[in-house]
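Novice: Any chance you can model this:
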Amino acid sequence: MGAVTIIEDDLSGEAIRQLVALHLSGMHANSPACKVHALPVEKLRQPGVTFYSAWVGEALVGMGAIRELDATHGELKSMRVASNWLGKKIGEAMLVHLLSVARQRGYARVSLETGQGPAFEPALGLYRKHGFVNCDAFADYVLDDFSQCLTLHF
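Specialist: The predicted structure follows:
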(Lines give C-alpha, C1' and ligand atoms only; values in the text may rest on other atoms or scores of the structure.)
Protein backbone atom coordinates (compact mmCIF):
# COMPACT_ATOMS: atom_id res chain seq x y z
CA MET A 1 0.00 0.00 0.00
CA GLY A 2 1.27 3.46 -0.87
CA ALA A 3 1.09 6.58 1.22
CA VAL A 4 -2.31 8.03 2.11
CA THR A 5 -2.87 11.55 0.79
CA ILE A 6 -5.70 13.56 2.34
CA ILE A 7 -7.05 16.58 0.49
CA GLU A 8 -9.86 19.09 0.96
CA ASP A 9 -12.53 17.98 -1.49
CA ASP A 10 -15.40 19.86 -3.18
CA LEU A 11 -17.46 16.66 -3.59
CA SER A 12 -17.73 17.12 -7.35
CA GLY A 13 -16.08 13.84 -8.37
CA GLU A 14 -18.15 10.77 -9.15
CA ALA A 15 -16.04 8.49 -6.94
CA ILE A 16 -16.52 10.66 -3.85
CA ARG A 17 -20.23 11.02 -4.53
CA GLN A 18 -20.48 7.21 -4.70
CA LEU A 19 -18.60 6.86 -1.39
CA VAL A 20 -20.98 9.36 0.26
CA ALA A 21 -23.91 7.32 -1.12
CA LEU A 22 -22.36 4.11 0.25
CA HIS A 23 -21.97 5.78 3.65
CA LEU A 24 -25.59 6.94 3.68
CA SER A 25 -26.77 3.50 2.60
CA GLY A 26 -24.78 1.86 5.41
CA MET A 27 -26.15 4.27 8.00
CA HIS A 28 -29.72 3.56 6.86
CA ALA A 29 -29.08 -0.20 6.92
CA ASN A 30 -27.71 -0.13 10.48
CA SER A 31 -29.73 2.64 12.16
CA PRO A 32 -33.36 3.43 12.89
CA ALA A 33 -34.59 5.86 10.20
CA CYS A 34 -35.02 8.71 12.68
CA LYS A 35 -31.43 8.24 13.90
CA VAL A 36 -29.55 8.64 10.63
CA HIS A 37 -27.57 11.87 11.05
CA ALA A 38 -25.18 11.25 8.14
CA LEU A 39 -25.07 14.17 5.73
CA PRO A 40 -25.82 13.99 1.99
CA VAL A 41 -23.54 15.78 -0.48
CA GLU A 42 -25.48 19.05 -0.46
CA LYS A 43 -25.23 19.34 3.34
CA LEU A 44 -21.54 18.44 3.29
CA ARG A 45 -21.08 21.51 1.08
CA GLN A 46 -22.71 23.91 3.57
CA PRO A 47 -20.71 26.72 5.16
CA GLY A 48 -19.00 25.57 8.33
CA VAL A 49 -18.36 22.04 7.00
CA THR A 50 -14.93 21.14 5.60
CA PHE A 51 -14.85 17.85 3.71
CA TYR A 52 -11.76 15.73 3.00
CA SER A 53 -11.07 12.71 0.82
CA ALA A 54 -8.26 10.19 1.30
CA TRP A 55 -6.37 8.68 -1.62
CA VAL A 56 -3.72 6.03 -2.25
CA GLY A 57 -2.42 6.83 -5.68
CA GLU A 58 -5.49 7.18 -7.89
CA ALA A 59 -7.73 5.15 -5.55
CA LEU A 60 -10.26 6.90 -3.34
CA VAL A 61 -9.91 5.12 0.00
CA GLY A 62 -11.85 7.19 2.52
CA MET A 63 -13.52 10.40 3.57
CA GLY A 64 -14.31 12.55 6.57
CA ALA A 65 -15.50 16.01 7.49
CA ILE A 66 -15.37 18.48 10.34
CA ARG A 67 -18.17 20.90 11.12
CA GLU A 68 -17.65 23.98 13.23
CA LEU A 69 -20.28 24.12 15.98
CA ASP A 70 -18.74 27.25 17.50
CA ALA A 71 -15.30 28.83 17.83
CA THR A 72 -14.18 26.21 20.37
CA HIS A 73 -16.09 23.07 19.35
CA GLY A 74 -15.91 20.95 16.21
CA GLU A 75 -17.92 17.91 15.17
CA LEU A 76 -16.65 14.95 13.16
CA LYS A 77 -18.97 13.92 10.33
CA SER A 78 -19.08 11.37 7.51
CA MET A 79 -16.11 9.23 8.48
CA ARG A 80 -16.06 6.33 6.02
CA VAL A 81 -13.47 4.01 4.49
CA ALA A 82 -14.02 2.43 1.09
CA SER A 83 -15.03 -1.22 1.55
CA ASN A 84 -11.94 -2.74 -0.04
CA TRP A 85 -9.66 -0.59 2.18
CA LEU A 86 -11.13 -1.53 5.56
CA GLY A 87 -8.55 -2.66 8.13
CA LYS A 88 -5.69 -0.77 6.47
CA LYS A 89 -5.54 2.23 8.86
CA ILE A 90 -7.28 4.59 6.43
CA GLY A 91 -9.85 5.60 9.05
CA GLU A 92 -7.10 6.29 11.54
CA ALA A 93 -5.23 8.46 9.02
CA MET A 94 -8.41 10.47 8.43
CA LEU A 95 -9.12 10.80 12.14
CA VAL A 96 -5.59 12.02 12.85
CA HIS A 97 -5.94 14.53 10.01
CA LEU A 98 -9.28 15.86 11.28
CA LEU A 99 -7.93 16.17 14.82
CA SER A 100 -4.98 18.13 13.45
CA VAL A 101 -7.39 20.48 11.64
CA ALA A 102 -9.33 20.93 14.89
CA ARG A 103 -6.16 21.79 16.80
CA GLN A 104 -5.07 24.25 14.10
CA ARG A 105 -8.46 25.95 14.38
CA GLY A 106 -8.02 26.27 18.13
CA TYR A 107 -10.95 24.09 19.13
CA ALA A 108 -11.05 23.08 22.80
CA ARG A 109 -12.89 19.88 21.92
CA VAL A 110 -14.17 17.71 19.10
CA SER A 111 -17.32 15.61 19.40
CA LEU A 112 -19.32 13.13 17.37
CA GLU A 113 -22.61 11.28 17.45
CA THR A 114 -22.79 7.64 16.45
CA GLY A 115 -24.88 4.53 16.91
CA GLN A 116 -24.49 1.37 18.91
CA GLY A 117 -24.20 -2.23 17.84
CA PRO A 118 -21.80 -4.42 15.87
CA ALA A 119 -21.70 -2.18 12.78
CA PHE A 120 -20.38 0.70 14.89
CA GLU A 121 -17.81 -1.18 17.00
CA PRO A 122 -14.79 -0.73 14.69
CA ALA A 123 -15.27 3.05 14.58
CA LEU A 124 -15.94 3.24 18.33
CA GLY A 125 -12.71 1.34 18.98
CA LEU A 126 -10.79 3.83 16.83
CA TYR A 127 -12.32 6.85 18.57
CA ARG A 128 -11.63 5.41 22.03
CA LYS A 129 -8.05 4.56 21.04
CA HIS A 130 -7.56 8.27 20.33
CA GLY A 131 -9.02 9.41 23.64
CA PHE A 132 -12.69 9.98 22.90
CA VAL A 133 -15.03 9.36 25.83
CA ASN A 134 -18.80 9.28 26.10
CA CYS A 135 -20.40 12.64 26.84
CA ASP A 136 -23.75 14.34 27.17
CA ALA A 137 -25.69 15.11 24.02
CA PHE A 138 -24.52 18.20 22.14
CA ALA A 139 -25.97 20.31 19.33
CA ASP A 140 -29.41 18.87 18.48
CA TYR A 141 -28.64 15.23 19.30
CA VAL A 142 -30.64 13.18 21.80
CA LEU A 143 -29.14 10.23 23.66
CA ASP A 144 -31.24 7.07 23.77
CA ASP A 145 -30.88 3.30 23.39
CA PHE A 146 -29.27 3.78 19.97
CA SER A 147 -27.47 7.13 19.84
CA GLN A 148 -24.36 7.96 21.80
CA CYS A 149 -22.13 11.01 21.81
CA LEU A 150 -18.37 11.06 22.30
CA THR A 151 -15.95 13.92 22.82
CA LEU A 152 -12.24 14.60 23.00
CA HIS A 153 -10.93 17.61 24.92
CA PHE A 154 -7.60 19.11 23.84
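
Novice: Please name the nearest non-neighbouring residue to residue 40.
Specialist: Of all residues not flanking residue 40 in the chain, residue 24 sits nearest, at 6.4 Å (Cβ to Cβ, 6 or more residues apart in numbering). All C-beta spots, glycine's among them, are computed from the backbone N, C-alpha and C.

Novice: Could you report the pLDDT at the one you found?
Specialist: Note for residue 24: predicted pLDDT of 91.

Novice: now swap in residue 37 and tell me
Specialist: pLDDT, residue 37: 87.

Novice: How about residue 29?
Specialist: 84.

Novice: Mind listing residues that contact the helix or strand encompassing it?
Specialist: Assessed by DSSP states H and E, residue 29 sits inside helix 14-30. Here helix 14-30 makes contact (Cβ atoms under 8 Å, 6 or more residues apart in numbering) with 9, 11, 36-38, 40-41, 44, 53, 60, 62-63, 78, 80, 82-83, 115, 117, 119-120.

Novice: in the lowest-mean-pLDDT helix or strand in the chain, what's buried?
Specialist: Ranked by mean pLDDT, DSSP states H and E, the weakest helix or strand in the chain is helix 14-30, scoring a mean of 92. By 16 or more other Cβ atoms under 10 Å, the buried positions in helix 14-30 come out as 16, 19-20, 23-24, 27, 30.

Novice: Tell me the one among those residues nearest to residue 138.
Specialist: Distance to residue 138 across those (Cβ to Cβ) is lowest for residue 27, with 18.9 Å.
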